[in-house]
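**Student:** Need coordinates for the following:
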Amino acid sequence: MNRVSLTGKLIDDPKVRTLEFRGGSTDIVSLWLEVRSGERSDRFTVEIYCPRQQEAAKAMRKDVLAEVTGVLRHDRWKDKATGRWIGKVFVAIDPAEGTVKSLGMADTAAAA
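**Tutor:** Predicted coordinates:
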């Protein structure tokens, strides 16, 4: 089962991208989440496709402690300039399949 739960600090405000396609458009809200584990700090991209969860994410700001549940995805594409394949792994929140919620402002001393 592909299921991911992360709790971490938002590194930046949410980013909204609009993708145009024939017959309409859709928004994707992206978060950049820093998750600490002991001395190690990892950063994850979270892409939100669920309109309800997008609204919750848009209300968050940098340094908010957030809890995210979703699925791991791998996306790849061919770079037009070099012809090389490029890929990324990210957490996706699909409609009715995951959540994002604020746990309040991160303690900067603990989260730093």
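**Student:** Return the helix or strand in this protein with minimum mean pLDDT.
**Tutor:** When each helix and strand of the chain is scored by mean pLDDT, DSSP states H and E, helix 108-111 comes last, with a mean of 48.
**Student:** Kindly format the C-alpha coordinates of stretch 67-75 as PDB.
**Tutor:** Output in PDB follows, covering the C-alpha atoms of stretch 67-75 (Å, rounded to 0.1, in the frame of the first residue of the first chain):
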ATOM      1  CA  GLU A  67       0.800  17.400   8.800                       C
ATOM      2  CA  VAL A  68       0.500  15.800   5.400                       C
ATOM      3  CA  THR A  69      -0.900  12.400   4.300                       C
ATOM      4  CA  GLY A  70      -0.800  11.300   0.700                       C
ATOM      5  CA  VAL A  71       0.900   8.900  -1.800                       C
ATOM      6  CA  LEU A  72       4.400   8.800  -3.200                       C
ATOM      7  CA  ARG A  73       4.600   9.500  -6.900                       C
ATOM      8  CA  HIS A  74       7.500   9.500  -9.400                       C
ATOM      9  CA  ASP A  75       7.300  11.900 -12.400                       C
END
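**Student:** what about the closest residue to Val71 other than its chain neighbours, neighbour count?
**Tutor:** Closest residue to Val71 apart from its sequence neighbours, by CB to CB, 6 or more residues apart in numbering: Asn2 at 4.7 Å. C-betas here are computed from N, CA, C, even on glycine. Asn2 sits with 8 neighbouring residues when counted by other CB atoms under 10 Å.
**Student:** Which stretches in this structure count as strands?
**Tutor:** Ranges of strands within the chain are 4-10, 15-21, 24-37, 40-48, 64-78, 85-93, 99-105, based on DSSP state E.
**Student:** Check which helices and strands the first one sits against.
**Tutor:** Looking back up the chat, that one is strand 4-10. With contacts taken as 3 or more CB pairs under 8 Å, 6 or more residues apart in numbering; DSSP states H and E, strand 4-10 sits against strand 24-37, strand 40-48, strand 64-78.
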